[in-house]
Structures are given as C-alpha cells and as structure tokens.
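Asker: next input, structure requested:
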Amino acid sequence: MNNPELMAWKIDPIAWAKKTIVAGIRDKQWDLMVEEIGPEIYTFPLFTPEMCDMLIDEAEAAEKWTKARHEFYPTTDMLLNDIGLGEMYTHVLETYCHPIARKLWTLEGTKWHQDISSENFIARYIDTEQAALDIHQDFADYTFTVGLNGDFEGGGTWFPRQQVLANPKSGYASLFPSVTHRHGGRPTTKGKRYIIVSFVKKGT
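Answerer: Below is the predicted model:
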C-alpha cells in the first residue's frame, strides 16, 4: 500500500513538489543547480530528505527485492512499477530530469520528448550481502542515479576511463551518457546504500 503522500502529485502537483522536490530544481533553474563533476558526468539535488525516507520505507515494506532481472550484471533491486510507484516516478523524470538532459546535450525532436522511455528501479547495496557491481555499460542512451540516503560508507559509481567517482547521497542525482561511460558500483563497506536508477532510451 503506497504512502498517500507519494500519490498526492495527482491531486496537487505544485503542493506535492514543495514537499518532495528541492528548491531550484523545483523552479527549473537548471543553470543554477546542475554541476559537472567530470567529463559529461553531472550532479544535481532532486529529492528532499522527507521524500527519500518515504521511498526507502516503501521499498522495504514491499519486500520485493530480486537479483534475477539482469542476466550479466544483476543488482539487488525492484522495479518501481512493481510497487506502484512507476507512474509517479515517470512524472518526476518528465518534469524535472529529462529537461536537464535535453538542455545539456541539445536533444531535440519527438524521439527525445514524447517517445522517450525508461526502466526505473530501486537498488540496495549492503556490506554483508551484495556490496558492489562490476564494471559494465548500461543498455540505454543516458542514465540517472539518485542516492536516497547517506548513512553508509563506501559505495558510489566509479567511471574508470574518466577517473571520476559519482556518489550521490540524500536526494542528489547523477546523470551521464550510457554509451561512452562504462562504470561500476564500488563496494559499500558499512551499512546499506539505496539508489534509484533510470535507464533512459529515446524513441525509435
């Protein structure tokens, strides 16, 4: 059963955004809020602490963790669609995230607007279970990773060619092009690390 506050975007998206999306991003001040931390690797604040807590609570309450979705680089994760949060998260991406990618890379045309799709899932890394993920390439055009907590040690997305570590925490997001940026998850050495990942593809 989803927290009613997570579903309130359908009733009053402006009031909902004030509780869940940080100022600046909420106002779509992209130039003010987006920072490049490495070659074509960007970060920006997205969710409030309250929103992060609600998303973690929803995932743990659902108890639908699986390691069977990805054949070659499996993560302990669950699709947001499977816990009733897919539509809400698509709203967040369309309203606050995809516009950033389109601005940064001058992505124009209907294939980057109406026809865009994404696979959205929440992943969990635990020091005593699956703590890391091997170097790989996402099957996508670009990827968003949103860190939901900060009470862990280690972790982060390591880009070996760019020599950059992106480790967004407590509502911060990272964005990078999937084709050119092979990466892996560095070991979480203490605690639990929660992230939401979106594999984004343009229309064909």
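
Asker: per-residue confidence at the closest residue to Ile83 other than its chain neighbours?
Answerer: Residue nearest to Ile83 in three dimensions, not counting chain neighbours: Ala62, with 4.3 Å by Cβ to Cβ, 6 or more residues apart in numbering. The C-beta positions use only the backbone N, C-alpha and C, and glycine is treated the same way. Per-residue confidence (pLDDT) for Ala62: 95.

Asker: pretty sure Ala62 contacts Met78?
Answerer: Yes: with contact defined as Cβ atoms under 8 Å, Ala62 and Met78 form a contacting pair (6.6 Å).

Asker: those two: which has the busier surroundings?
Answerer: More neighbours sit around Met78 than around the other of Ala62 and Met78, counting by other Cβ atoms under 10 Å; the figures are 21 against 16.

Asker: give the buried residues for the longest helix belonging to the chain.
Answerer: For the chain, the helix with the greatest residue count under DSSP state H is helix 49-62. By neighbour count on 16 or more other Cβ atoms under 10 Å, the buried set for helix 49-62 is Met51, Cys52, Asp53, Met54, Leu55, Ile56, Glu58, Ala59, Ala62.

Asker: what's the longest strand seen in the chain packed up against?
Answerer: When the chain is scanned for its longest strand (criterion: DSSP state E), the result is strand 188-201. Counting contacts by 3 or more Cβ pairs under 8 Å, 6 or more residues apart in numbering; DSSP states H and E, strand 188-201 packs against helix 49-62, strand 117-126, strand 142-147, strand 152-154.

Asker: switch the cut-off to 6 Å
Answerer: Applying 3 or more Cβ pairs under 6 Å, 6 or more residues apart in numbering; DSSP states H and E, one finds that strand 188-201 contacts strand 117-126, strand 142-147, strand 152-154.

Asker: so which of those is nearest Ile37?
Answerer: Put simply, out of the helices and strands packed on strand 188-201 the one that sits nearest Ile37 is strand 142-147, at 12.5 Å, with distance taken as Cβ to Cβ.

Asker: that closest one: partners in the sheet, and parallel or antiparallel?
Answerer: With DSSP bridges as the test, strand 142-147 is paired with strand 172-177 (antiparallel), strand 188-201 (antiparallel).

Asker: can you give the contact residues for it?
Answerer: Counting by Cβ atoms under 6 Å, 6 or more residues apart in numbering, the neighbours of strand 142-147 from elsewhere in the structure are 46, 97, 101, 168-169, 172-178, 195-200.

Asker: try stretch 165-174
Answerer: Stretch 165-174 is contacted by residues 41, 43-47, 52, 144-147, 150, 155-158 when judged by Cβ under 6 Å, 6+ apart.

Asker: ok, now stretch 22-42?
Answerer: Outside stretch 22-42, the residues that touch it by Cβ under 6 Å, 6+ apart are 17, 43-46, 48, 96, 100, 103, 162, 164, 166, 175-177.

Asker: run the chain-centre distance for it.
Answerer: Here stretch 22-42 is found 14 Å from its chain centre; the criterion is Cα atoms, centre = their mean, to the nearest Å.
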